[in-house]
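>>> Would you be able to build a 3D model of this:
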Amino acid sequence: AYLRFEPSQENLTSSKGLSECLVEPWSRDKLKEEVARLTKQQSISSPHGIQWTSIERDMAGASGMERESDTSVAQTLQPAVELDDSVVEYLKMLSRSRGSFDNHKEDREKLDTAIDGSHKLAQQLKFPAGLPDDGAPSWFRSARDMSSRNPKAASEFSMIRTVEDLSQVYGLSLMHPTTNPEEQQAEEVTETKKEEKDIEETLLSGEAKLVDAASTGQWGAESLLEPSLHDTTNLVTKLKGLNVSPLPPQLGRSTAIQPLSAAGTTEWRPKVDGLLAGTSPVTGHGGPVTRLAVSSDQRFFVSGSFDSTCRIWELGRIDETNGLLESSATYSEHCATNGQHSVRINDLALVEQSHSIASAGSDGSVHVWRVDLVSTRKKAGGVQPDGQAPNQTVPYESSKVSGCSVVKKVESEEGEVLAVSHYNTLSESVITYATQGGIVHTLDLRAQREPFRLDHEPELGYLTTMALGTDRNWLVTGTSEGYLGLWDVRFQRMVKLWNVSTAQSINSLDTSFIPFPGNAGNDPRPYVVVACGNDCGMYDLVDGSCRQSFRVLDPHEGYGQSISRMKMPELNEISVAVRQSRSLLRQPRASSIRKQSGLPIASINAVLGVMGGEQNFLITGGSDAHIRFWDFSTPSKCYTISGHVAGYPRPSFERVDFQMSNRLMVCRQSAAPRVSELESSRLPRRLQRGMTRPENRHLDSIQDLKLVQTPIKALVSCSRDGGIKLWR
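Okay, the predicted model is just below:
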């Protein structure tokens, strides 16, 4: 039994009052008898069916179907006994469900096909091992955009009407691949028709709203559907319940090549001043170049600049450059979106396993865009992959950049977007981006939603960089005040917080899960490489210890001063629980510490590491326009790749061993001598001549470094001077 209405005080004082509030429970036989009676009356009174839910009334109004009023229906179907209104509605729903098949006799053949195509095949439903090359179909993406813009439209899932649609949207293996050419041609025609269809009109129709209501489980909506749609709608409902995301947009399929650390025992090192190619003021950017991103299949790399553009550079055309790099395409939608030409590109990230790029702008926008490639057949004799000798007789397949296309635009209202990255899971394709407001936002490209967000306290400084763990379960963030945060992505919670002892802004982060270089017998551990000030340390995230540090000393410091500062950097752990209850900064802020300590202005801005294999080295780029190669154990193998001025004293590299196998590698850069202190015979050649050719080095701070492996192994660098250089 259940309450007919909320009892009053008078009802609770007597048994008669209680009996008026309660509805007598029915037996199963009585329920079947009443439903059968209502079904019989319904077939006599209304050949088109009866209204029994608010869902049906809404759908009828949207589709313009003429229905009887609720009053006439209630008068026609009076139950044999007095019932509550909700019970009457429930009985009418059951009767409608029983009679739904009789109302669709003309769809019997369509119904049999639907059962064979969805109900039986759904038992063999399989999730794909990888994402299909084409991504979600264009009609589904158009419907999603239309639905997001129009609040009156049904959701994009209401466009899914057949098993084939379901397979295209979710990438599920519902049936065997089609081998019959006629069937394949019919599928292509169906796709073309759906693209030509007026999607907006479909989403605003009553049928679409009914399908949407049924897929979300609204009461009674399924009984109004055509029987041929029942199984497909049920599958969509189950997929939503399992949080299975549709396929992402078309991002361009890419295949990763073997990393250098596992590519064999052959050692590769960049040569000193081994410039292979570079840009000029005419072919390059018109402002500082901040970030680089290399496609996983080594077809191209992308650069982002303060001139509001991103340029695409083809690696397959290196043999045609003659030392001068020229971009193949330019992405300039950041200017078009903002309406001005002062948008700075702060960061770039490659969308994993694709040819798409995520770019972060100073106007608070994140753009996801795809680099479009077309296949070409190149002549014999070109540069072959992996540095092999060119074959003079056999042509080979290649690709060419044909342009770029916008995939998704995200606008943030929290200031500039300072860092962006991407990672894939089995069911998500997540863009993470950090804003000037101290929040790390996320965007699932498949479900078009925000899976989670991470809030940084403003007292920690603004976010400068972030890096994902190799297993995608943790994330590290760095701030302008020298704070390093470790986040658990699964629970969206900060688990550890440190303050770097160098007390300067964290400029770059990189993560790895490997045995410590040089100790291959040890178990792998999570490490993070932190570039903070003029120091680059490799820290163990388990205990926060610094296993190895690489430091560039200030050339203006005396030998005694530098010796006194030769100690390992530390991570000073701060209790997360204490941080949540009261203010963290009971010590002077990092900016004041930096001022008091007199640390050098020069800093390491870019870090590139190759670890975990036969080769273990680190390459750094600094604000002094130097690119340095660091070996983990031998100082004599360390050297300056670029930046050294001819005629000036060469730097020296030293190693300092501490307890617990901790090492400090030091680069002692000698100060440039004054011209008045040198004899004329010892003056550098460039000071004894007039106009000379520019040296093969950057003239301003190094902002980013990337490694390419094919068609040749090379190092790519970018600088605030607007130049991009390729080093052999």
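>>> Which helix or which strand is home to Ala531?
Using DSSP states H and E, the element containing Ala531 is strand 525-532.
>>> Mind listing what's buried along that strand?
Pro526, Tyr527, Val528, Val529, Val530, Ala531, Cys532 (16 or more other Cβ atoms under 10 Å). In short, each C-beta sits where N, CA and C put it, glycine included.
>>> Share the number of residues neighbouring the closest residue to Gly217 other than its chain neighbours, please.
Using Cβ to Cβ, 6 or more residues apart in numbering and skipping residues adjacent in sequence, the residue nearest Gly217 is Thr237, 6.1 Å away. By the measure other Cβ atoms under 10 Å, the count of residues near Thr237 is 16.
>>> thinking again about what came up before, I'd like the buried residues of strand 525-532 laid out as TSV, including pLDDT and distance to Val716.
Converted to TSV, those look like this (pLDDT from 0 to 100; distance: Cβ to Cβ, whole Å):
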residue	pLDDT	distance to Val716
Pro526	92	27
Tyr527	93	24
Val528	94	23
Val529	95	19
Val530	95	22
Ala531	94	18
Cys532	92	24
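>>> Return the closest of these with respect to Ser305.
Set against Ser305, the nearest of the buried residues of strand 525-532 by Cβ to Cβ is Ala531 (21.2 Å).
>>> got the contact list for that closest one?
Neighbour list for Ala531: Ile506, Asn507, Ser508, Leu509, Ser603, Ile604, Asn605, Ala606, Val607, Thr620 [criterion: Cβ atoms under 8 Å, 6 or more residues apart in numbering].
>>> 6 Å instead?
Residues near Ala531 by Cβ atoms under 6 Å, 6 or more residues apart in numbering: Asn507, Ser508, Ile604, Val607.
>>> For it, give its distance to Val371.
Using Cβ to Cβ, to the nearest Å, one gets 28 Å for the distance from Ala531 to Val371.
>>> same thing with Gly415?
As judged by Cβ to Cβ, Gly415 and Val371 stand 28 Å apart.
>>> which parts of stretch 316-325 are buried?
The neighbour-count criterion (16+ other Cβ under 10 Å) identifies Gly316, Arg317, Ile318, Thr321, Leu325 as the buried residues of stretch 316-325.
>>> Among these, name the least confidently predicted one.
Within the set of the buried residues of stretch 316-325, pLDDT is lowest for Thr321 (75).
>>> Identify the residues contacting that one.
Here Thr321 is in contact with Ala277 (Cβ under 6 Å, 6+ apart).
>>> And the contacts of Ala531, which is closest to Gln298?
For the contacts of Ala531, the minimum distance to Gln298 (Cβ to Cβ) is 20.7 Å, reached by Val607.
>>> out of the buried residues of stretch 316-325, which are inside helices?
Among these, DSSP state H puts none in helices.
>>> Now distance to Arg253 too, for those, in TSV please.
Output for the buried residues of stretch 316-325, formatted as TSV (distance: Cβ to Cβ, whole Å):
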residue	distance to Arg253
Gly316	17
Arg317	21
Ile318	23
Thr321	27
Leu325	26
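>>> quick one: Ser603 and Gly533 touch, right?
Yes - using Cβ atoms under 6 Å as the test, Ser603 is close enough to Gly533 to be in contact (5.2 Å).
>>> returning to that earlier point: neighbour count winner among Gly415 and Val371?
Between Gly415 and Val371, counted using other Cβ under 10 Å, the more crowded position is Val371 (26 against 15).
>>> Okay, and the beta partners of that one?
Under the criterion DSSP bridges, Val371 forms beta bridges with Cys404.
>>> any low-confidence regions in the stretch 151-300 of the chain?
Across the stretch 151-300 of the chain, the ranges flagged by pLDDT under 70 are 173-197, 219-220, 255-266.
>>> all strands for it, in order.
275-278, 289-294, 300-305 (DSSP state E, counting those that start in this stretch).
>>> Give the buried residues for the last one.
Think strand 300-305. When neighbours are counted by 16+ other Cβ under 10 Å, the buried residues of strand 300-305 are found to be Phe300, Phe301, Val302, Ser303, Gly304, Ser305.
>>> now do stretch 624-640
624-632, 635, 638-640.
>>> ok, residues contacting it?
517-518, 550, 602, 616-621, 641-643, 653-655, 665, 698, 700.
>>> Now, of these, which are buried?
With burial judged by 16+ other Cβ under 10 Å, the buried subset of those is 517, 550, 602, 616-621, 641-643, 653, 655, 665, 698.
>>> any idea which of the residues you listed is least confident?
Across those, no position has a lower pLDDT than Ala602, which has 76.
>>> That residue: what's it in contact with?
Asn534, Gly622, Ser623, Asp624 are the contacts of Ala602 under Cβ under 6 Å, 6+ apart.
>>> hmm, try it at 10 Å
When contacts are counted by Cβ atoms under 10 Å, 6 or more residues apart in numbering, Ala602 touches 533-534, 552-555, 622-626, 669, 701.
>>> Give the residues shared as contacts by Ser603 and Gly533.
In contact with both Ser603 and Gly533: Thr502, Gln504, Ser505, Asn507, Val552, using Cβ under 10 Å, 6+ apart.
>>> closest to Gln9 among those residues?
Nearest to Gln9 among the shared contacts of Ser603 and Gly533: Ser505, at 69.4 Å, using Cβ to Cβ.
>>> need the contact list for the closest one.
461-462, 464-465, 478-482, 531-533, 590-591, 594, 603, 605.
>>> Thr620 and Gly537 touch, don't they?
No - Thr620 is beyond contact range of Gly537, at 11.6 Å (criterion: Cβ atoms under 10 Å).
>>> list the residues that contact both of the two?
Jointly contacting Thr620 and Gly537 under the rule Cβ under 10 Å, 6+ apart are Val529, Ala531, Phe550.
>>> Identify the residues contacting the first one.
Residues in contact with Val529, defined by Cβ under 10 Å, 6+ apart, are 467, 508-512, 536-539, 548, 550, 607-609, 611, 618, 620.
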